[in-house]
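S.K.: Coordinates for the following, if possible.
(2 chains)
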Amino acid sequence: MLDHRQGPGMPDELMIKAGLPAGAGRGLFEAPTYTCSHCQAIVVLNPLRRRERAWCRHCDHYICDGCGLSLAQTGICRPLKRVIAELIEAADRGQPRDPLVWSTKLLLP
Amino acid sequence: MAKRSISFASVTTAATADAVALGNTTYPTILQGGSGTQRINIIEVMLGGQSGSTSQPQIMLLSRDSTVGVTLGATSTVDSAFDSATAALAAAPISGNAFTTAPQRQAAGHLMNFSFNAYGGAARWLAKDGEEVNLLGNTQPLGEVSLSAFTGTTAGAIGGHLIYEPF
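M.R.: Below is the predicted model of the structure:
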C-alpha cells in the first residue's frame, strides 16, 4: 500500500524505477504481492502487466523475473526455505559450514 | 514464538549506496538473528513520512546485508513483544540503527522497495501467510536484513515499524 492522498506524491520515473506502474506514486495505490520462493524478493503485482509471471514447476510457486530467467537458463530450483532447512539440519548434525551453501551467489537470481 | 515489533519514532534518512557502511541513526533499523541457528520471519513493514512542508522522496530498501552490524550502540529504535506474557529469549534478535561496525546492504540482496514521499506519504507491506521473508543465523547473507535509504533519497524524517517473529 502506498498512500499519497495527503501529499504531492512521487514522480512516475521513480516509481517505474522501483518496479511499480506509472501513477503508483499518486493517490492511494494498493496491490497484492507474492514472495519469490527462490530468492524471497517481494514482487508487487502490477495490475497493468499482461506478460505472464515466472512460475517454477519444481517447487510449484511463482518466482520473480530474475529467478525465472535463471531457472530457464539453468533448470535449477533451489527455494530459499529448502536452503534454510538444509543449513539447520547440517547445524544439528554438527557439520561445518559449507562455504558453497552459504555463498551469496546461490541467492542471486 | 511471539511476534515482536521494532518501532522507530523518527529517523532522518541519509542516502547510502550498496556495500557502503550505513551511518548510525540514518536508517530505520536492521534485524539480525540472536544466534547462529535462529530463524526469524519478517511479517510487516510500515513507513510514514514526517516532513512538514518539503517534498522529500524516499527510496527505502528492505535488503539482506553483506556486512552485519557488530556491537549495538545508542539506537533510536524500540523492540517490544506484542504479547505481555512473552518470555525473554535466551538469544534475543538484535535490532537497532547504531553499530560500532556498521552494516552494509548487499547489492544483490534487495527484497523490497518502498518508494514514497516523506511529505504526506506512507507505505506498508504485509506478508501473506507462508510468504514471510526468512532469516537464518547471525551472519551474512541470511542472518541480517536492513531497512535503509538508497541512493537518490532526499534526506527526510520518517517513522514506522517492522513486525517479525523469532523462532
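S.K.: make it CA atoms for all contacts and neighbour counts henceforth
M.R.: Noted.
S.K.: Quickly find the element holding the residue sitting furthest away from the middle of chain B.
M.R.: Within chain B, residue B:53 marks the point farthest from the mean C-alpha position, 25.7 Å out by C-alpha atoms, centre = their mean. Under DSSP states H and E, no helix or strand contains residue B:53.
S.K.: Run a quick neighbour tally on the closest residue to it other than its chain neighbours.
M.R.: Excluding the flanking residues, the one nearest residue B:53 by C-alpha to C-alpha, 6 or more residues apart in numbering or on different chains is residue B:119, at 6.5 Å. Look at residue B:119: counted by other C-alpha atoms under 10 Å in any protein chain shown, it has 26 neighbours.
S.K.: again, but for residue B:27
M.R.: 27.
S.K.: In contact with it, which residues?
M.R.: Shown in contact with residue B:27 (C-alpha atoms under 8 Å, 6 or more residues apart in numbering or on different chains): B:11, B:12, B:13, B:14, B:97, B:147, B:148, B:149.
S.K.: ok, of these, which one's closest to chain A?
M.R.: Set against chain A, the nearest of the contacts of residue B:27 by C-alpha to the nearest C-alpha is residue B:149 (12.9 Å).
S.K.: Centre of the chain to the longest strand seen in chain B, how far?
M.R.: Taking DSSP state E as the criterion, chain B has its longest strand at strand B:104-117. Offset of strand B:104-117 from its chain centre (C-alpha atoms, centre = their mean, to the nearest Å): 10 Å.
S.K.: From one end of stretch B:59-77 to the other, what's the distance?
M.R.: 20 Å (C-alpha to C-alpha, to the nearest Å).
S.K.: list the buried ones in it?
M.R.: By neighbour count on 16 or more other C-alpha atoms under 10 Å in any protein chain shown, the buried set for stretch B:59-77 is B:59-69, B:75-77.
S.K.: Redo those as a markdown table? Include secondary structure.
M.R.: Shown next, in a markdown table, are the buried residues of stretch B:59-77 (DSSP: H, G, I helix; E, B strand; the rest coil):
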| residue | secondary structure |
| --- | --- |
| B:59 | strand |
| B:60 | strand |
| B:61 | strand |
| B:62 | strand |
| B:63 | strand |
| B:64 | strand |
| B:65 | strand |
| B:66 | strand |
| B:67 | strand |
| B:68 | coil |
| B:69 | coil |
| B:75 | coil |
| B:76 | coil |
| B:77 | strand |
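S.K.: hang on, the earlier thing: and the residue nearest to residue B:53, how far from residue B:27?
M.R.: To residue B:27, residue B:119 is 17 Å away according to C-alpha to C-alpha.
S.K.: what's the spacing between the residue nearest to residue B:24 when sequence neighbours are not counted and chain A?
M.R.: By the measure of C-alpha to C-alpha, 6+ apart, the closest residue to residue B:24 outside its immediate chain neighbours is residue B:98, 4.4 Å from it. Relative to chain A, residue B:98 is positioned 25 Å away (C-alpha to the nearest C-alpha, to the nearest Å).
S.K.: Could you pull up the residues touching residue B:98?
M.R.: Counting by C-alpha under 8 Å, 6+ apart, residue B:98 has contacts B:23, B:24, B:25, B:72, B:73, B:74, B:75, B:76.
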